[in-house]
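**Student:** Sequence first, predicted model second:
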Amino acid sequence: MKPVEQLAFFFRTALTLALMSAGALVLSIVALLTAFRFSRFYRETVVAALGEWTLALWNVRFVVHQDRPFPETQTIYISNHTSTIDMFVLIALRLPNTRFFLSGFLRKVLPLGLIGYLIGIFWTVPQSFPEKRAEIFKRAARTLRRTGESVYLSPEGERVTTGEVGHFNKGAFHLATDLKLPIVSLFLAVPREADPGKGLNARPGTVHVYVKPAIDTSGWKLEDLPANKERIRAMFIGWNKEHRS
């Protein structure tokens, strides 16, 4: 990286942290004034704006390809996960009444931890803690059944930077089977020249978000969970091949 590029990277990184900190402060004030009662408003206004401004800071645009609006009814959203950019695109989409699963590691970044608490993030733990993960998903299912909120999570669970579709974990599909909620898949196409992978140094580019038709899960059974998981993973593999070609 050239010295000028290094300077621009550090400048943008510092501005991003400052933006997240300011956003956390504003969100805290708004939450206090509204007695912490309007998490959907927090997600779809303040946090969505933070996503948009962060992308703009790094000169990243996104275009959504869909033939109908996002459903207002309770839905499970899933996507591939190739880049650090994904998180900011997803919150900028303003998915209706939607909570998110995120890695518990991100709570260590103070502004993100505070924002996550205020908007009701479900914090996950690594796959190496199966009992804790199972309890987190059980608690999330109880919460979603009570609130009627939608939810987003990535079946890959981590950023897969190989250009291929990674292994799918079963959490999203277990939730769909348990709650009988439709799954809406989002295929995120991050241009290679803009993709920072697991890093932070995003370059200018346009991310394309392809919204796929809802998948009915009302007839799903737990014994069919592995087959349903692999069937949807095969769809992502097909979309990925189509995009790369």
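**Tutor:** That came through, no problem.
**Student:** any idea where the helices of this structure begin and end?
**Tutor:** 3-33, 39-41, 48-57, 85-92, 110-119, 130-147, 171-179, 225-244 (DSSP state H).
**Student:** which secondary structure elements does the last one contact?
**Tutor:** Which is helix 225-244. Helix 225-244 is packed against helix 171-179, strand 183-189, with contacts defined by 3 or more Cβ pairs under 8 Å, 6 or more residues apart in numbering; DSSP states H and E. (Each C-beta comes from the backbone N, C-alpha and C, glycine too.)
**Student:** May I see the helices of the chain organised as a markdown table, with distance to Gln66 added?
**Tutor:** Output for the helices of the chain, formatted as a markdown table (distance: least, Cβ to Cβ, whole Å):
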| stretch | distance to Gln66 |
| --- | --- |
| helix 3-33 | 27 |
| helix 39-41 | 20 |
| helix 48-57 | 17 |
| helix 85-92 | 14 |
| helix 110-119 | 23 |
| helix 130-147 | 23 |
| helix 171-179 | 20 |
| helix 225-244 | 14 |
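**Student:** Switch those over to CSV; also include mean pLDDT, mean neighbour count and distance to Gly104.
**Tutor:** Output for these, formatted as CSV (pLDDT from 0 to 100; neighbours: other Cβ atoms under 10 Å; distance: least, Cβ to Cβ, whole Å):
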stretch, mean pLDDT, mean neighbour count, distance to Gly104
helix 3-33, 94, 14, 17
helix 39-41, 96, 16, 19
helix 48-57, 97, 18, 20
helix 85-92, 97, 23, 14
helix 110-119, 94, 19, 9
helix 130-147, 96, 14, 9
helix 171-179, 97, 22, 14
helix 225-244, 96, 15, 23
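**Student:** on that earlier part again, between the helices and strands packed on helix 225-244, which one is closest to Phe137.
**Tutor:** Comparing the helices and strands packed on helix 225-244 against Phe137 with Cβ to Cβ, the closest turns out to be helix 171-179 (5.3 Å).
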